[in-house]
Structure formats: structure tokens, C-alpha cells
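# Fold the following, please.
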Amino acid sequence: MNRDRRIETPDRALAGRDQTVAPRTGGLFKLAIFSSRAVYASIVRSGGVLGAVSKARGVLLRDGFRGLKRAFLHIGIQVAGGYKLSQNLVAYSDWVKKYDTLNEDLQKKIRTHLATLRRKPLISVVMPVYNPNLEHLDKAILSVRSQIYPNWELCIADDASTHPEIRRIIERHASLDARVKAVYREVNGHMCRATNSALELAQGEFVALLDHDDVLAEHALYRVAAELESYPDTDILYSDFDLIDDSSQRHSPYFKSDFNLELMLGQNMVNHLGVYRRSLVEKVGGMRVGFEGSQDYDLVLRIFAQSTLERVRHIPAVLYHWRRSKQTPSYSTEHRARCVEAARRAIEDFLRDRGIAADVMPAAATQTQWQRIRYHLSEPPPKVSIIVPTKNQPKLLARCVSGLLNTTDYETFDITIVDHASDDAETIALLAQLEKNDQINILRYSGVFNFSAINNYAVRHTDGGVLIFLNDDIEIIRSNWLREMVSHASRPGIGAVGAKLYYANTKIQHAGVVTGIAGVAGHLHGREPGTAGGMYGEAILTREISAVTAACMAISRSAFLDVGGFDEVHLPVAFNDVDLCLRLLTKGYRNIFTPFAELIHHESATRGSDLVPANRERFLREYQYMLARWADILPYDRFFNPNRSLDITPKFAEPPRVSRPWEPVQIMERAHRSPSTKS
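Numbering: from 1, shown residues only. Down below sits the predicted model:
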């Protein structure tokens, strides 16, 4: 049964494909493209033609023509291999100019709105300092002093820096602005102790963390204050960020989702800019010594444990520019293993304190900085009922069932095959053979094809505590897929769980569903290479998601029955999985995508396109129903940043689907965006 409900167009068929070209692919034309992109990249990074020429001259004088060639090829390789110049440099630079640059008119609107705020809490910006690049330190401090929002203090703790100019820079700024306060530690104590020393200076209701070489956007603290005006009970706020290089060129934005606890356990998605209620920072004891390199991660997990999902707010705006300097490598770069080990300990503490039995391990061999949480199953593990609808597809069904019986390593499951009036002799013979297996039950279903009714009917004839809805065109390729999905579906408060599905050519078919694509919903990362990581690892990390496909879906029986199952009246064929997931969300359940359950989906092998004349009228009816029923939710997927394009390509929304605080209607703050309340 085909469960991909996207509207296919020639443009969409290419969506998400990496079309960058490296010189090794051969051909003068491809080499010309490669070279032109490298030249363009160097110009963009250098701030224009003159800057590029100046840098090239410096490399030439220092390293000769061979060094210049190496530098040129380095840029070209970044363009061709994963760096994605089109996203990070060219398209993003254009996007920043259009949508993320404050001109005089916008500054005026901000100041006008700022004057209307009823409360303007003091925000303490906390900055530990140790031997930074002098220019970068100066810019970091200046970015705080340049804030449009006036009610801040900058609390600096110099951790016994050895360069004498550092103290002079700090004192110069303090002499120019009384809001800059500093303490000078006599002994170097590293980041945690230094940050705690800075926290001792803080008097603000909220604390914002700033590294000594990073830069705040000039409206950063204003956006924080505006959010607190609307949500005064907030305990944790965080924003999007991007990276800046030594020439202050912005690139590689992280457009985050709203708070996503599952993703948070895989990476520190809060990170920069992170703002915390100071009373909670003090309650948990500030930074824990011994967690250097992941001290922010540890802090936010401990603070969240004292708070609730409703008190965490995401500001979908780039308010923090994270320095990535070749001159001064970051602590996490130089001590990666130590940082990763600290992060794992922080996660393990968080899980243990919540009574959650799980193992913390690297997300992937090539991405050891991110984590996978492998939740333990109960003893004995829950019984699983796998439901497989089919009609006249003996080869597909035989392969699917063989994978279930011979490859899947789960202990207790049964298979219910729902035969929708098959009349093919080979299929009938196969079903008769399968029916002899005590683990398999064959149900007969007749009448017009109704995917929702077929599955609801099957559920009534099963008794498993966890249900698996599975297309007959699914091929099992990993033995652990069922154990992984059940480990999530059997957790309290979890709704639908989706797997990572591949086409037969190894490209991604499903890595979660985003609402609003093509009006209703579409698959994220569809047709991208199977190894694609997505924005900051979203395709290879477990995360909460608005919806998943029922081509392979796990859900507890209790959750399925709680929302009434699939809608067989209004959505007999299309969008019934999306509708089910949205009903789960509105009831407070959390839907999960896990990339650690991997299967092949031979899509469209069992049912034709929704756009052929025979299906079009029915499809459009279901499409319109979804638009009407979920009008307030579909365009505003809280797990998909409004700065990202719903067309998938290009990657940046033009314009972003978010209003700013000074605008009269804040479309992103509708009631449906409030976090789930189930634990």
C-alpha cells in the first residue's frame, strides 16, 4: 500500500538532491563550474573582490603559487563536498540581507515596541574569558554594549589570562559603560569555575551565556525581553544561531525547532543563545566542575529537570553568531573526546534522575559528538501485533513476511495480514501457505479500498500492546528495527513512532513528515542520499516530529484507541496517517522519528498515483478536508523552523513564516504551538 501522499511534480522530484560538482567527476564544463564556485566563494568570504585579491596576495607572498593553489582547491572542495556553498554562503548571505538585517526603519519599530513593554527584566550576560583573540574579545563585548535593549549587565570573569592586553580591553569597556562588570581570577580554574565567578556578579532575573569570542545580534536581548513580555513564566529561552569566520562572514545557520526533548538528548539543541531564569541557575548550583566542554549542555538539562515543557520558549531568529576561527581553535575542537564524554555523563545523569533505563552511545561512527539513547524494554517485552494490508502482490508480501519471520530479532510478535479481496492465484496460494504458520493470522476484507477502515478492522482482531502498521512493500534490512521502534512506542506519553525508510536505490524516502509542504504535508529529506545528515544532524538523530508515515508506524494500542484510530469516513486513502499524528499531538502525545530503525520502502509498488483520473477526485476531497480540519496547524509545524522553506528547495523561506514582536499579529504564537504536556 503506497503511503507517500506528496504531490509529485518535476521540480519536486529533484528536491533535496545535492547537485554540487567536484572536479573528479571529469569534464571541462564541470571543472568550470567547480572553479567558478570556488572563486565566488572566496569573494563572498572575503567581503568582496578587493578583499579576495588582498587575501590571495598575502597567501602568494607567504606560500607561493603552490600555497595559493592549495587554498583555492580547499575552497573548491568545501563547495563540492558537503559544505554546500549554495546554502551556507551565497543563498544564506542573500537571505540575511533580505530578512535578517536591521535597517533604520526596523530599528525604529523595535524601539517603538520596546517602549510599550510593561516589564523590562534585567538580563545578566555572563562571559568567562581566557586568552581570547583580542579583536574577537573586543567585538564580543561591543556586541553587548550595542544592544537595542537597555536593561542588561555584562558580567565578565577573566580566568587568569596571561595576555596583559585582555585586562586593558575589559577595563576600557567598563570605563565607557557602567553596565560592564568584571572580576579577575587569580588562578585559572577553566570554564565552569570561571562562569560561576561571573555568575556571582549577576543580579538579573535572567542569565544569558556568551562565549568570549562570539557576537550577539543587536536585537538579541530585545527579542528575549519581548518573548518574556508574552510568556512571563518562561524559565528557558533559546534562539537560532549561525557561524561566523575570522572575517565575520556568516554561514551555516541552525534553524532550530521548538523545544524537542528527544533531540535535546541527542545534541544540545538549546545551546546558543541560551537564556535561563537566574533563580533556577542558582538552585542547581551553576556550572558543575568536571563538565568542561559540555557545561552548557549539563546546565540546561539540570534546569529543565526543575521546570516544565511549557516554560521553555524558542525564538525562531538568528540572535547569536558563533565564532569558528582558524586562528584560535575552540576548546571543543581541541578536546573533543573530553567534551563528548562530559555530554554523555550529563545525559546519563538526566535519565537516571528521571528513572529512565537507557544506554547513551554515539549516534553514528562518523558523528560521535551526537548521541543515541537506546531505551530498555520492559521484562518481558510487550507483545507486538504487526498489521500488513495486501492485495495481489505475492512477491512483495513474501519478501516482507520473510523479513519479519527470519530477520527481525524481537521476541514476541504476531502478524495479521489483511487480504483485500486478492484474486491472483499466486497470492491466494501464498496466503494459504502463510496461514499454516501459528504466528500469522489472515483476515479477509472486501469492498472499496479504504486504508483507514482496513487497519481499524485489523486492530480489532489483534491483542498486542504495541501495534505496527506495515506496508506489504516494506523490506526488512536490519534485525533491530522492531526492538528500536517498540522501545519508543511503549514509553509513557509517546504517540506514533516512525522509521527511516529508503528507496531501493538507497536514497531517503522518509525521515519524518513536515506539515505545510504542498499544502498539507510532505516527507523531509525525501530523495536525498541515504547518508545525508540534514540540518545539524536532524536526519540521523532521534527527534520529535509532527507526523510519520503509516508505511511503517509503531503506536501503543492505548494511544491508538485514545484518539479513535484512523479516520475511515473522511480519509479512506490519503493523509490518514498525518491526521492520526496530529490528533495525537493535540491530545498531548509526542510523535517520534528514529533513524535507528531502517527499512526499504518499495514505494508505489502496490497502489497507483493519487493523481491519475480514477483517484484524483477522491484525493482532492481528502486534501480539502485536511486543509479545513487542520487550518490552524498545517502551516506552522512547531518541529520545522519558519525560516526554512516549505518547498524544501531552496532551503530558506522567502519570506520567513513568522511575524516579529512589533507586528500586530504574531502568527507563530497560536495556541497549537504550545508544547505537549504528557511526560
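# From now on I want contacts and neighbour counts done on CA atoms only, so please keep to that.
OK.
# list the contacts for the nearest residue to Leu434 once chain neighbours are set aside?
Closest residue to Leu434 apart from its sequence neighbours, by C-alpha to C-alpha, 6 or more residues apart in numbering: Ile440 at 6.7 Å. Neighbouring residues of Ile440 by C-alpha atoms under 8 Å, 6 or more residues apart in numbering: 414-417, 434.
# Most neighbours among the residues you listed, which one is it?
Within the contacts of Ile440, Ile417 tops the neighbour count with 25 neighbours, counted by other C-alpha atoms under 10 Å.
# name the element that residue belongs to?
Take DSSP states H and E as the rule and Ile417 turns out to sit in strand 413-420.
# got it, and Gln433?
Going by DSSP H and E, Gln433 is in helix 425-434.
# which strands and helices sit next to the host helix or strand of Arg399?
According to DSSP H and E, Arg399 maps onto helix 394-406. Applying 3 or more C-alpha pairs under 8 Å, 6 or more residues apart in numbering; DSSP states H and E, one finds that helix 394-406 contacts helix 425-434, strand 474-476.
# tell me the most buried of the ones you listed?
Highest mean neighbour count among the helices and strands packed on helix 394-406 (mean count of other C-alpha atoms under 10 Å): strand 474-476, with a mean of 25.
# what residues does the next helix or strand along the chain from it touch?
Next helix or strand after strand 474-476 toward the C-terminus (DSSP H and E): helix 481-489. By C-alpha under 8 Å, 6+ apart, the residues outside helix 481-489 that reach it are 374-377, 408-410, 466, 494-499, 554-556, 592, 594, 596-599.
# Would you convert the helices and strands packed on helix 394-406 into JSON lines that also reports mean pLDDT and distance to Lys507?
Formatted as JSON lines, those follow (pLDDT from 0 to 100; distance: least, C-alpha to C-alpha, whole Å):
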{"stretch": "helix 425-434", "mean pLDDT": "96", "distance to Lys507": "29"}
{"stretch": "strand 474-476", "mean pLDDT": "97", "distance to Lys507": "14"}
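# out of these, which comes closest to Leu114?
strand 474-476 (55.1 Å; C-alpha to C-alpha).
# now that closest one: how far from the chain's centre is it?
26 Å (C-alpha atoms, centre = their mean, to the nearest Å).
# go on, stretch 305-325?
13 Å.
# What of stretch 651-664?
Centroid separation for stretch 651-664 versus its chain: 19 Å, with C-alpha atoms, centre = their mean.
# List the buried residues for it?
651-653, 656-658, 661-662 (16 or more other C-alpha atoms under 10 Å).
# export the helix holding Arg399 as CSV, just CAs?
This file holds the C-alpha atoms of helix 394-406, laid out as CSV (Å, rounded to 0.1, in the frame of the first residue of the first chain):
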residue,chain,number,x,y,z
PRO,A,394,2.7,-12.1,-3.7
LYS,A,395,6.4,-11.3,-4.3
LEU,A,396,6.3,-8.2,-2.2
LEU,A,397,4.3,-9.9,0.6
ALA,A,398,6.5,-12.9,0.6
ARG,A,399,9.7,-10.8,1.0
CYS,A,400,8.1,-8.6,3.7
VAL,A,401,6.9,-11.6,5.7
SER,A,402,10.2,-13.5,5.3
GLY,A,403,12.0,-10.5,6.7
LEU,A,404,9.6,-10.4,9.7
LEU,A,405,10.0,-14.1,10.5
ASN,A,406,13.6,-14.6,9.6
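# What are the buried residues along it?
394, 396-398, 400-401, 403-405.
# What are the contacting residues of it?
Contacts for helix 394-406 (C-alpha under 8 Å, 6+ apart): 390, 426-427, 430, 472-477.
# between that helix and strand 413-420, what angle do the directions make?
170 degrees (axes from the mean of the first three to the mean of the last three C-alpha atoms, to 10 degrees).
# Can you check what angle separates helix 394-406 from helix 481-489?
70 degrees.
# Now do helix 394-406 against helix 425-434: the angle between them, please.
20 degrees.
# If I follow the layout properly, Tyr410 ends up in contact with Arg478?
No - counting by C-alpha atoms under 8 Å, Tyr410 does not reach Arg478; the two are 11.5 Å apart.
# my read is Val289 is in a strand, agree?
No - under the criterion used here (DSSP: H, G, I helix; E, B strand; the rest coil), Val289 is coil, not part of a strand.
# So Phe560 belongs to a helix, correct?
Yes - assigned with three-state DSSP, Phe560 falls within a helix.
# ok, so what distance separates it from Tyr589?
The gap separating Phe560 from Tyr589 is 11 Å, by C-alpha to C-alpha, to the nearest Å.
# what does Ala160 give?
Where Tyr589 is concerned, Ala160 sits at a distance of 49 Å (C-alpha to C-alpha).
# do the same with Thr531
Using C-alpha to C-alpha, one gets 30 Å for the distance from Thr531 to Tyr589.
# Neighbour count: Ala160 and Tyr589, which is higher?
Tyr589 (21 against 18).
# In this structure His601 contacts Lys507, no?
No - counting by C-alpha under 8 Å, His601 stays clear of Lys507, with 10.5 Å between them.
# returning to that earlier point: for the helices and strands packed on helix 394-406, could you give me TSV that also reports distance to Thr195?
Formatted as TSV, the helices and strands packed on helix 394-406 follow (distance: least, C-alpha to C-alpha, whole Å):
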stretch	distance to Thr195
helix 425-434	65
strand 474-476	50
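# between the ones you listed, which one is nearest to Ile386?
Of those, the one closest to Ile386 (C-alpha to C-alpha) turns out to be strand 474-476, at 12.3 Å.
# Pull out the buried positions in stretch 449-462.
By neighbour count on 16+ other C-alpha under 10 Å, the buried set for stretch 449-462 is 450-456, 458-459, 462.
# Tell me which two of the contacts of helix 394-406 sit farthest apart.
Once C-alpha to C-alpha is applied, the contacts of helix 394-406 give Glu426 and Ile477 as the farthest pair, at 24.7 Å.
# which residues touch Asn271?
238, 296-297.
# Now do it against Leu301, distance only.
Asn271 is 11 Å from Leu301, where distance means C-alpha to C-alpha.
# do Ile440 as well
45 Å.
# Lys98 too?
From Lys98 to Leu301 the distance is 36 Å (C-alpha to C-alpha).
# Quick check on these two: which one has the bigger neighbour count.
Per other C-alpha under 10 Å, whichever of Lys98 and Leu301 has more neighbours is Leu301, with 21 against 12.
# which SSE is the more buried one in?
Short version, using DSSP H and E: Leu301 is in helix 295-304.
# I'd like the distance between the closest residue to Ile477 other than its chain neighbours and Gln295.
Among residues not flanking Ile477 along the chain, Leu599 sits closest, at 5.6 Å (C-alpha to C-alpha, 6+ apart). Distance of Leu599 to Gln295, computed by C-alpha to C-alpha: 37 Å.
# quick one: the strands in the stretch 151-300 of the chain?
152-158, 180-184, 206-209, 215-216, 236-244, 250-254, 274-277 (DSSP state E, counting those that start in this stretch).
# and Val514, which of these is closest to it?
Judged by C-alpha to C-alpha, the one of these that comes nearest to Val514 is strand 250-254, at 17.2 Å.
# Report the distance from that closest one to the chain centre.
14 Å.
# got the buried residues for it?
Neighbour-count burial for strand 250-254, counted by 16+ other C-alpha under 10 Å, picks out 250-254.
# How about stretch 170-183?
170, 173-174, 179-183.
# re earlier: out of the buried residues of stretch 449-462, which one sits closest to Ala208?
Ser452 (48.8 Å).
# Surely that closest one is in contact with Ala574?
No - here Ser452 lies out of contact with Ala574, judged by C-alpha under 8 Å, at a distance of 9.1 Å.
# follow-up on the earlier one: show the average pLDDT along the helix holding Arg399.
Average pLDDT, helix 394-406: 97.
# Any buried residues in stretch 544-564, and which?
Neighbour count says stretch 544-564 has 544-557, 559-560, 563 buried, by 16+ other C-alpha under 10 Å.
# quick one: which of His601 and Lys507 has more around it?
Taking neighbours as other C-alpha under 10 Å, His601 and Lys507 compare with His601 leading, 27 against 19.
# element containing Ile356, please.
With DSSP H and E as the test, Ile356 turns up in no helix or strand.
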